[in-house]
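1. give me the fold of what follows.
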Amino acid sequence: MLTKVYGSAVFGIEATTVTVEVNVDTGVGYHLVGLPDNAIKESNYRIAAALLNNGYRIPGKKITLNLAPADLRKEGSAYDLTLALGILTASGQIKSANLEKYIIMGELSLDGSLHPITGALPIAIKAKEEGFEGFILPKDNAREAAIVSDLKVYGVENISEVIAFFDSEKPLEETIIDTRAEFHKTLDFPEFDFSEVKGQESIKRCMEIAAAGGHNIILIGPPGAGKTMLAKRLPSILPPMTLHEALETTKIHSVVGKTKKMGLMGQRPFRSPHHTISDVALVGGGAYPQPGEISLSHNGVLFLDELPEFKRGVLEVMRQPLEDREVTISRARFTVTYPSSFMLVASMNPSPSGYFNDADAPITSSPAEMQRYLGKISGPLLDRIDIHIEVTPVPFEKLSEDRKGESSVDIRKRVTAAREIQTQRFEAFDTVHYNAQMGARQIHDFCRLDEPSKELLKNAMERLNLSARAYDRILKVARTIADLEKTQKVNGNHIAEAIQYRSLDREGWLG
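-> As a prediction, this is how the structure comes out:
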């Protein structure tokens, strides 16, 4: 008897429906075809034990299982439940009515219980697109899949529940989530707040500008100056995610299994990989490509602490994603693209000793040592960072103050207002949503300067020997400063402030 059951395979952040064809015939043998990986090939042992422990068995006949399309590589243990139901139906042990209406996925334990899978949200979206009535999957993934409306999602704990459902003995409980209510419920602020930061008013101003325009920023300063503390608080002043951004972000985290029992992500991600990370772990890849840290920080913040300690090759692979806001991973048989529109926040010490060239510092480094240390970061990468700012230690008077600083809530209101101005400005462009994403055309249209401002920028370009990319960065940052002031035109004050935020371009900044 031939039976068809439906599962799904995830490539990149998109799913492809997989038809599991099971044929039980006279003879002996178990044949699994359709480019399965080792985890799928081993599934017959898990399935046999799970069925036996729940009162069923694999028939002693010739069983042929085909995962179609047969030329598409399948991987992972999430097909266990799909294959098991196909075998039970084809051998006549359970009824096959309505089986074709559902996508069925889940990894079986030997006692028949189900372990969570990865990629539940992309699979649910594809199931809805292709007209399936429902999605049966492990209970731990049910909230995540239930984000998709007009698709019945059933979270189950054991294969016996699924068998009873198809035998019409016991209905499954549908998981229902109000996506918009779930989204707004999670829009609370993170644990860290800018009101806890003492002093550093100029740095807070930089962080506000960076958040308002989506600009990349690097903080340079000695140990204990507050670089990491400030970076961790940046997500608290970013505008709330839109529902579309939340869905897109959740899809990426779903692919790597980081959304178990979570449902929709409402907070912008903050990723802080260690400096020993490999280039594949950062941008994504592997034999079966997975998203890297830059994609997991999509719509959020990627924080690279102690930037010069990262391997140079690792940093250089970020250059293209920083420009294109996506990363494409190519293999001989397929290509996957992951979105990577993130804010890069980097921090670094000014020298190997950790201090500026200062006679009063506990440890000093020579200018040559400092220059060599900074040389670990390439010019092209620094050009892609809009704001460079020095962070100096906070004096005792500021640290001992009882008065709290401005809260993240207040700063976020100004940032959100500036982003709304940018949204209206760029509503005619599909790929530009805030100032940091502007291309040459938008810079020309929205960053026009009067003659005094042009002269000021010209002098800065010549004196600091700035690149054409740095010129664009200054204009973008100046445009954001003007938006925070709700000013339509960019003027000399905005340009002057933006030039100040190019510390690493200034000759003699080492002291």
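
2. how does this structure divide into domains?
-> Following automatic domain parsing, the chain resolves into domains at 2-177, 185-505.

3. low-confidence stretches in the stretch 101-250 of the chain?
-> Within the stretch 101-250 of the chain, the ranges that satisfy pLDDT under 70 run 182-190.

4. what's the answer for the chain, then?
-> 182-190, 356-361, 503, 505-511.

5. can you redo the domains of the chain as JSON lines with mean neighbour count?
-> Just so you know, the C-beta spots here come from the backbone N, C-alpha and C atoms, and that holds for glycine as well. What follows is the domains of the chain, written out as JSON lines (neighbours: other Cβ atoms under 10 Å):
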{"stretch": "domain 2-177", "mean neighbour count": "19"}
{"stretch": "domain 185-505", "mean neighbour count": "18"}
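
6. the residue nearest the centre of the chain - nearest residue in space that isn't next to it in sequence?
-> The centroid of the chain falls nearest to residue 296 when counting by Cα atoms, centre = their mean (2.4 Å). Counting by Cβ to Cβ, 6 or more residues apart in numbering, residue 296 lies nearest to residue 271, which is 5.4 Å off, once chain neighbours are set aside.

7. that neighbour and residue 301 touch, don't they?
-> Yes: contact criterion Cβ atoms under 8 Å: residue 271 and residue 301 qualify, at 7.2 Å.

8. residues in contact with stretch 472-483: which ones?
-> Contacts to stretch 472-483, defined as Cβ atoms under 8 Å, 6 or more residues apart in numbering, come from residues 209, 212-213, 215, 383, 385-387, 418, 421-422, 435-436, 438, 440, 443, 446-447, 457, 460, 466, 488-491, 494-495, 497-499, 501-502.

9. helix, strand or coil for residue 17?
-> Put simply, residue 17 is strand when judged by DSSP: H, G, I helix; E, B strand; the rest coil.

10. roughly how far does it sit from residue 88?
-> 21 Å (Cβ to Cβ, to the nearest Å).

11. kindly report the same for residue 401.
-> As for residue 401, its distance to residue 88 is 70 Å (criterion: Cβ to Cβ).

12. likewise residue 266?
-> Taking Cβ to Cβ, one finds residue 266 at 40 Å from residue 88.

13. can you give me the helices in the stretch 201-350 of the chain?
-> In the stretch 201-350 of the chain, the helices defined using DSSP state H, counting those that start in this stretch lie at 201-213, 227-232, 243-255, 279-283, 293-296, 312-316, 319-324.

14. so which of the ones you listed is nearest residue 160?
-> With Cβ to Cβ as the criterion, residue 160 lies closest to helix 243-255 of these, at 26.7 Å.

15. counting by contacts, list what the closest one packs against.
-> Contact analysis of helix 243-255 by 3 or more Cβ pairs under 8 Å, 6 or more residues apart in numbering; DSSP states H and E lists helix 120-129, helix 179-185, strand 290-291, helix 293-296, strand 335-339 as its packing neighbours.

16. to residue 233, which of the ones you listed lies closest?
-> Closest of the helices and strands packed on helix 243-255 to residue 233 is helix 293-296, at 19.7 Å (criterion: Cβ to Cβ).

17. show residues contacting the closest one.
-> Residues outside helix 293-296 that contact it (Cβ under 8 Å, 6+ apart) are 252-253, 256, 258, 269, 271, 273, 277, 281-284, 302, 318, 321, 327, 338-340, 342.

18. try it again with 7 Å
-> By Cβ atoms under 7 Å, 6 or more residues apart in numbering, the surrounding residues in contact with helix 293-296 are 252-253, 269, 271, 273, 277, 281-284, 302, 318, 321, 327, 338-340, 342.

19. for residue 319, give me its contacts.
-> By Cβ under 7 Å, 6+ apart, the contact set of residue 319 is 380, 381, 384.

20. again, only this time at 6 Å
-> Residue 319 makes contact with 380, 381, according to Cβ atoms under 6 Å, 6 or more residues apart in numbering.

21. separation between it and residue 384?
-> As judged by Cβ to Cβ, residue 319 and residue 384 stand 6 Å apart.

22. also residue 252?
-> 22 Å.

23. before we move on, what about residue 324?
-> 11 Å.

24. could you do residue 471 as well?
-> Separation of residue 471 from residue 384 (Cβ to Cβ) stands at 13 Å.

25. before we move on, what about residue 215?
-> 10 Å.

26. and if you look at residue 400?
-> Using Cβ to Cβ, we find residue 400 at a distance of 39 Å from residue 384.

27. same check on residue 107?
-> For residue 107, the distance to residue 384 equals 41 Å [Cβ to Cβ].

28. ok, now which ones touch residue 35?
-> 73, 74.

29. go with 10 Å
-> Residues near residue 35 by Cβ atoms under 10 Å, 6 or more residues apart in numbering: 67, 69, 70, 71, 72, 73, 74, 75, 333.

30. could you do residue 84 as well?
-> Residue 84 makes contact with 5, 22, 43-44, 46-48, 50-51, 54, 56, 58, 104, 106, 108, 112, 159, 162-163, according to Cβ under 10 Å, 6+ apart.

31. try 7 Å this time
-> 47, 50, 51, 108, 159.

32. now swap in residue 288 and tell me
-> Residue 288 sits in contact with residue 75, where contact means Cβ under 7 Å, 6+ apart.

33. what does it show for phi and psi?
-> Main-chain dihedrals, residue 288, degrees, to the nearest 10: phi -110, psi 100.

34. what of residue 489?
-> With angles defined as degrees, to the nearest 10, residue 489 sits at phi -100, psi 150.

35. distance of it from residue 495?
-> Residue 489 is 11 Å from residue 495, by Cβ to Cβ.

36. residue 163 too?
-> Taking Cβ to Cβ, one finds residue 163 at 70 Å from residue 495.

37. next one: residue 343
-> 23 Å.

38. what does residue 24 give?
-> Computed as Cβ to Cβ, the residue 24 to residue 495 distance reads 76 Å.

39. can you pull out the helices in the stretch 51-200 of the chain?
-> For the stretch 51-200 of the chain, applying DSSP H, counting those that start in this stretch gives helices covering 80-90, 120-129, 142-145, 159-166, 179-185.

40. can you redo those helices as a markdown table with distance to residue 193?
-> Shown next, in a markdown table, are these (distance: least, Cβ to Cβ, whole Å):
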| stretch | distance to residue 193 |
| --- | --- |
| helix 80-90 | 44 |
| helix 120-129 | 30 |
| helix 142-145 | 28 |
| helix 159-166 | 45 |
| helix 179-185 | 20 |
